[in-house]
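Peer 1: Quick one, what's the 3D model for this:
(chains A and B)
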Amino acid sequence: MVSSLHNPTDNAFGFRRHSFVMTLLLVFPFIGSAEEKTSVDELQFFKQNVVPLLKKKCYSCHSHQSGKAKGGLMLDSRNGWVKGGASGPAIIPGNVNDSLLVQAIRYDGFEMPPEEPLTENEIDILERWIQSGAVDDRKSQAANSDREALWALEPIGKPVLPETINKEWARDPLDRFVLKRLEDAGLQPAVEADKYTLLRRVTFDLTGLPPTPEEIAVFVKDESPNAYEKVVTRLLASNAFGDHWARHWFDLSCYADVQRNTLIGEAWRYRDYVIKAFNDDKPIDRFIHEQIAGDHLPFESISQQRELIVATGYLSIGPWVIENYIKPQLAADIVDHQIDRIGRTFLGQTISCARCHDHKFDPITTKDYYALAGIFHSTATTAHTGPGVWSSILERKLPPLPENQEARLLALKRRDQILSELEVLQASLLKWFVKFPTATNANALVSRNAVIPNRKGVEYSLELEIGPTVWAAASQATMDGDAIRIDLIDTSGSSVHSFTVLSGAWSKQNDSQQFRKRSYEFSGGASDALRIRISTAHPGNQRFAGAVDNLRIIGNGETVFEDDFNTVAAAPLKGKQAHTDLELLARATLNDWESSGINSSHLVHRTNGNYALQIFSGSLASFGKVEEAEGPDATKLKEVRELEAQIGRLSLELESLTGQESAEYALAITDIESPEDAAIYRRGDFKLLGDITPRGTLSTVGTGVGVEVSDSTSGRLQLAKWLTAPNNTLTSRVLANRIWHHIFGTGIVSTVDYFGVHGERPSHPKLLDYLAVCFQEQNRWSLKTTIQQLVLSSTYRMSSASNSKAIGIDPDNRLLWRMPRRRLSGEAIRDGMLMISGELDTARGGSSLGLELQGNIRGAGGDVNPATWGGIVPDYIKNRRAVYQPLKRERPVGDLEILTVFDFPHPNDITGARAQTTVATQALFLLNSSFVKSQATAINERLYAEQPAHEVKRIERLYMLVLNRLPSPSELEITQRFLDTVAGSAIDTKGHATARKLAWEQLCHGLLVSNGFLFKE
Amino acid sequence: MNRRKVLHQAACGFGGLALAAMLRDSTTRANESIGTGMALSEKRPHFNARAKRIIFLYMKGGPSQMDLFDYKPQLAKGDGSGLPYKLPSDEETVGLDGTKLMGPISSFSNRGESGLLMSNWLPSLGKQADKLCILKALQCDSPNHGVAERQLHTGNLFDVTPSMGSWFSYGLGTENQELPSYITILPGEGPRNFSSAFLPAIHQGMALQEVGLTPGRAPIRHLTDTSIDESIQRKRVDLIKALNQQQLQRLEADQKMEGVIESFELAFRMQMETPKLVDLSNETQGMKDLYGIDQPETNQFGRQCLLARRFAEAGVRFVQVTLDGWDHHQKIREKLPQLSKQCDQPTAALLQDLEQRGLLEDTLVLWGGEFGRTPHAQFGNGREHNPHGFTMWMAGGGVQGGMTYGTTDDFAYHAVDGAVHINDLHATLLHLLGINHERLTYKHHGRPFRLTDVAGQVVKEILA
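Peer 2: Next comes the predicted model:
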């Protein structure tokens, strides 16, 4: 029955057959290979005539063999032409004329092959083949690579420990792998490093900080056989361990707190999660599961639930272009990065290439890519929330911790206190608004006539309509919490009754100039005639506090005051309100009001001549103009400025408290409502949709079978578990190698992020497998145990002394005949200098952005916004360790420039191994930057305080602090001579003591930037 | 060579040498793919180069093509009317509610013998029209500044890859061993757009942060420390050297450590010499007038352009000059003429000056921004970003003058034919420099990288 369908002369059936095949291919593209149904003749024709022709004429530009897929088209498999290139499928079986391939070889539209057309005979062969159904039994090509190159996909062996000649040297089995290779090469391992060197090395490697003189003294004195083990245990247990090792993780996970115009305000929670995970020695497999799919894991407590939510920030934080106003493109780019990151970080594979074409040399197909893409397209990372084109990273509300109750009550109390303080301050600021009407652009209106009776014993009510509003720029729109303030003031300007009326948030909808009625009761007091003042409750936040209409005061059932703001005396400036097109009047004069603010009054037209009054909160900086307006009066200015500063500070504190007493949020991903498989984007273009691909994992790694994803979830949990499954050959190798890289300076595979065909081969393949097995089995995915194993080894304890024979045989030290000498990272240089100077702030955790910076984004003052933030870090943060500094999604500048100078990676990049450059810009920085200079000064102060009298002891102390050892006699001589010369040359202009101290400062500076500090041996 | 030597000694002195060396990573051997020898040694191109160097006048923000170069009568006619085209449904931008067409806001005239239509806001440049090759159908892949800027500078939208100047430097080295091969004058931001990324650090753009407008401010960050006596600074450098030598004696040869020692010596010499680089005091008054230096509007950009000419003359491979401020979402009628004025005279002066010195033959000048702007109004008085079809121009080394290439639709919105994608632009620039863009590669993360990634076609039609 089947064969009759394949009779090429049977047109009707033939047609049906082909369309059936095509349908199948669209729905199940990879089960449609119909070879068993094909007649032998056609297959033979294909093999004998078509394949050689394609090979000869097309493969040079369209095959895995050549590594080229011009126009995105591959012709070396059925799948290649079914999928086609940028213009769609190349061949439509049975339809010669509509097949693009035929058009191309006929030079109709495309001209292929470009150099020389096919002969008539060759064209006939291809047409005949296509006409008869384009039978093609060639499987989708994985890359054309030899097995050796694909070593990382081979199962992880359990290597036998090699026998070595030297039986004494090895402490850990890993040493035997190293020693064996050395012995084979005729080399010997270097001697053990001295105690000073070893302590400095291991302290920097485990904590990113130098040892203190006291720690050195303890270790040097400790002659017990396990003195070094005790040090390692102490270091692994210190908080500094997580502070340092988390940064290695952030190099791979694109961490940043500031992105273009926005602060990623909750990113720090993820940062703190990672640091805590490392300090708690959370097993790395669990760490991976939580980060990729924490939202799918069960929890036993609220705090664990919170942790699991925060963990998924891993995939929330990344180089998203959240201002991209083409949202499908944003989504596709996010998915691409998520795949790329997981591919490189855990698998050492560049999966991303397959976004547009099957990988040219690694066995990763476009199908694999879109199987993963389906998982991440089923995951929500950002949402278009505005304002304007801006999307934001999704946040999830964290369930409140019960134990926070007390802190919350305290916060509430402090909040009330601040609110009342603010009220007083703002009232005084308002006085100034009224006093210098041209000085500020904040609106404050005072009723012209003092008419309102305020009789004792009478109950009054104040009624008004209120709503959010906006002028031209969306950033000025009323936000949640913004309020209008209405004061009844006496003749001295003091407020007798005060009302703060929340305006609500502007919805940014066309019809959002909406008003609500409010009324307030108050009892009459002593003073008789009052005036009304309308102003913002939050001067200086640069937004519209709201709009007011139909203000009335009623006492004893009688209206004592009323204004509908419709009696406009003059309005020279007209405009349109953003989003609503409602007419706006600026510089308006209202008959019964005196007003201040640069534009005096703003009015918005509601309907038919009915206006409402808009109140702008102005900018705090505007008082600079008081000087112009009133002539220089330092006292006045100072008073106003001080008021502004106080208001700014309190508002910020208030905001931070609001965070505490209300809900907490974390950056987090979730599954979309209906997870689904993704369509292939042809050439990676989201507008060119191809076949739907079932969600799954790489087909070539591990089990060799894609993990199935159930329909109800995105599939992240399955992906996470697949990454750490015992038969996944990549993850444990890649991660063990990463740990090795950070301890020994170079990975066993030096291309730490890439284990593919063109990556470097392992220097010690068996050692790598041994470590991968240890990591999974003996060490149970424990980072600390694995690090401990490495740093306790004899290999790690070698000195870095040179050896001319070994240099000749193995100049790059790939066999590890000595411990390599490594320059400190930018963070270690910075943090180390701060620690030595005694200025390191040991505060840990919490938001890095600082109140000042947070305030900037919310418009609460200051003249910095995230887009132009120059890396100036608030004082109370800037001496904390580098990992706690606010990071912008660019190379760090300003206070953090030192990181950039010393090869800190770009936060968009996935950087397993940092560059290590030596350029003169670094020397310039070390010589002339204010950071290094101020550290030198502080060290000097510290030394003068600790060793005031004895100069030699002071030099020794300096050496212990900076180089973590004592000076040699010749070093002592050099330093003393330096002090004498510099002090001598400065003595003409300065007193003896001052000159000496200046010389000392230069000495501190010199030693601090010497190689002895910059390198760990 | 003599001409160059004389000029360059006058202009750059030792500072240049130090600058060049400063970027050299003293510990890494450069990875050579074209020719051999030192990282910056001059290398033979793949084929005959039409240009030896490039000056890129980067108009940051995205200048409005329909108001400066791409005049559209239909657009003028439709001023204030509803849109004759649909806005893309997947673009969610702001300020476009009820948007209307905005006709060209400047008047245009035919310029030069070639009669190129150009805005009357560019009168000086108009006089150079016959040198210009105007590309009217540029395209890039992102409507967002950061991303489009990165694509223009590096060919890449997201990943951190080398900037084009770094690729040029890597491909060809420098004509002059005493200067960096890539200088960017007032880039106005961090190294994002002039980074060498994974190429050796020596190919990184050297950023000049000062062009002599702020007395006493060093042209390079951390160049000097005025708080300490020079002689003491010298003694401190000697101390560092002595301490490092002590350590070295203990350790035997160590390339990394020696590299650091060398870098300190170099840094100190630079400190003394480099400020001369940007000193324009020995330029004639006539030269200063030509570039509009000392007129407030053109002072800064004039200095940048004059320095660009000096560096190009001295053999720097790629000089970038940034003029920021073209992002006119609002008040374009007010702001565009201001920017045009800042730009016009210095740009024209650069072309004229290069020509007079015989340098225009082998120096390519490229002018343009990361994208253009829309024919419809934003917020009623500005224009939104437009990556679909916008204008750049080239002049000099290897391209025809007095021509236009490519067209946009009747509203200067989308490219219609002769579209030049950023990858094509890069392929063409490399071609003009004598490099096959498919063959200039560098291996990183296990694969060969190119400036043009997997795309790029040389625009042969514009070659002279």
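Peer 1: Only C-alpha atoms from now on, for both contacts and neighbour counts.
Peer 2: Noted.
Peer 1: where are the low-confidence patches of the stretch 251-400 of chain B?
Peer 2: For the stretch 251-400 of chain B, applying pLDDT under 70 flags the ranges B:251-253, B:273.
Peer 1: Which parts of it are helices?
Peer 2: B:255-273, B:285-291, B:299-313, B:332-356 (DSSP state H, counting those that start in this stretch).
Peer 1: Give me whichever of those is most buried.
Peer 2: Each of those was scored by mean neighbour count; the highest is helix B:299-313, a mean of 24, by mean count of other CA atoms under 10 Å in any protein chain shown.
Peer 1: Just tell me which of the helices of the stretch 251-400 of chain B ends up closest to chain A.
Peer 2: helix B:255-273 (4.6 Å; CA to the nearest CA).
Peer 1: Show me what that closest one is packed up against.
Peer 2: helix A:920-928, helix B:13-23, helix B:230-251 (3 or more CA pairs under 8 Å, 6 or more residues apart in numbering or on different chains; DSSP states H and E).
Peer 1: one step back: now the helices of the stretch 251-400 of chain B in JSON lines, with distance to residue A:207?
Peer 2: Formatted as JSON lines, those follow (distance: least, CA to CA, whole Å):
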{"stretch": "helix B:255-273", "distance to residue A:207": "24"}
{"stretch": "helix B:285-291", "distance to residue A:207": "56"}
{"stretch": "helix B:299-313", "distance to residue A:207": "46"}
{"stretch": "helix B:332-356", "distance to residue A:207": "52"}
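Peer 1: Quick check: residue A:535 is in a strand.
Peer 2: Yes - assigned with DSSP: H, G, I helix; E, B strand; the rest coil, residue A:535 falls within a strand.
Peer 1: Distance of the closest residue to it other than its chain neighbours relative to residue A:605?
Peer 2: Leaving aside its chain neighbours, residue A:535 sits nearest to residue A:444 (4.5 Å; criterion: CA to CA, 6 or more residues apart in numbering or on different chains). Distance, residue A:444 to residue A:605, by CA to CA, to the nearest Å: 19 Å.
Peer 1: Settle it for me: which of those two has more neighbours?
Peer 2: Neighbours per residue (other CA atoms under 10 Å in any protein chain shown) separate residue A:444 from residue A:605, with residue A:444 holding more: 28 against 19.
Peer 1: just checking, the more buried one touches residue A:534?
Peer 2: Yes - counting by CA atoms under 8 Å, residue A:534 is a contact partner of residue A:444 at 5.6 Å.
Peer 1: contact partners of stretch B:228-242?
Peer 2: Stretch B:228-242 has contacts (CA atoms under 8 Å, 6 or more residues apart in numbering or on different chains) with A:974-975, A:978, A:982, A:1002-1003, A:1006-1007, A:1009-1010, B:261, B:264-265, B:268.
Peer 1: what about the residue in the stretch 1-150 of chain A positioned nearest to chain B, how many residues close to it?
Peer 2: Across the stretch 1-150 of chain A, the shortest distance to chain B (CA to the nearest CA) belongs to residue A:70, at 8.8 Å. Residue A:70: 16 surrounding residues under other CA under 10 Å.
Peer 1: can you tell me how far it sits from residue B:459?
Peer 2: Counting by CA to CA, the gap from residue A:70 to residue B:459 is 19 Å.
Peer 1: what does residue B:59 give?
Peer 2: For residue B:59, the distance to residue B:459 equals 22 Å [CA to CA].
Peer 1: Quick one: name the residues of the stretch 851-1000 of chain A near chain B.
Peer 2: Applying CA under 8 Å from any CA of the partner chain, one finds that the stretch 851-1000 of chain A approaches chain B through A:890-891, A:893, A:906, A:908-909, A:917-925, A:928-929, A:971, A:974-975, A:978, A:982.
Peer 1: of those, buried ones?
Peer 2: A:890-891, A:893, A:906, A:908-909, A:917-925, A:928-929, A:971, A:975, A:978, A:982 (16 or more other CA atoms under 10 Å in any protein chain shown).
Peer 1: Next, residue A:595: secondary structure please.
Peer 2: For residue A:595, the secondary structure call by three-state DSSP comes out as strand.
Peer 1: Residue numbers of the stretch 401-550 of chain A in contact with chain B?
Peer 2: Neighbours of chain B within the stretch 401-550 of chain A, by CA under 8 Å from any CA: none found.
Peer 1: quick one, strands of the stretch 401-550 of chain A?
Peer 2: Applying DSSP state E, counting those that start in this stretch to the stretch 401-550 of chain A gives strands spanning A:444-447, A:459-467, A:483-489, A:495-502, A:516-523, A:531-536, A:544-555.
Peer 1: who does the helix or strand following the last one pair up with?
Peer 2: Using DSSP states H and E, the next helix or strand after strand A:544-555 towards the C-terminus is strand A:558-563. Each strand pairing with strand A:558-563, determined using DSSP bridges, is listed with its direction: strand A:544-555 (antiparallel).
Peer 1: Could you check the angle the strand it pairs with makes with strand A:495-502?
Peer 2: Strand A:544-555 and strand A:495-502 are oriented at 130 degrees to each other (axes from the mean of the first three to the mean of the last three CA atoms, to 10 degrees).
Peer 1: Strand A:459-467 and strand A:544-555, what's the angle between them?
Peer 2: Counting by the same axes, to 10 degrees, strand A:544-555 lies at 150 degrees to strand A:459-467.
Peer 1: tell me the contacts of the residue of the stretch 1-150 of chain A closest to chain B?
Peer 2: Contacts for residue A:70 (CA under 8 Å, 6+ apart) come out as A:61-62.
Peer 1: Do a quick rundown of the helices in the stretch 51-200 of chain B.
Peer 2: So, for the stretch 51-200 of chain B - with DSSP H, counting those that start in this stretch - the helices run B:65-68, B:73-77, B:123-127, B:145-154, B:164-172.
Peer 1: Buried residues of the second one, list them for me.
Peer 2: To tie it back to what came earlier, the one meant is helix B:73-77. For helix B:73-77, a neighbour-count test (16+ other CA under 10 Å) marks B:75-76 as buried.
Peer 1: For residue B:66, give its distance to chain A.
Peer 2: Remark: distance between residue B:66 and chain A (CA to the nearest CA, to the nearest Å) = 22 Å.
Peer 1: lowest-pLDDT helix or strand in chain A?
Peer 2: The helix or strand of chain A with the poorest confidence is helix A:11-27; it has a mean of 32 (mean pLDDT, DSSP states H and E).
Peer 1: after it, next one along is what?
Peer 2: Once the chain leaves helix A:11-27, the next helix or strand it forms, by DSSP H and E, is helix A:40-45.
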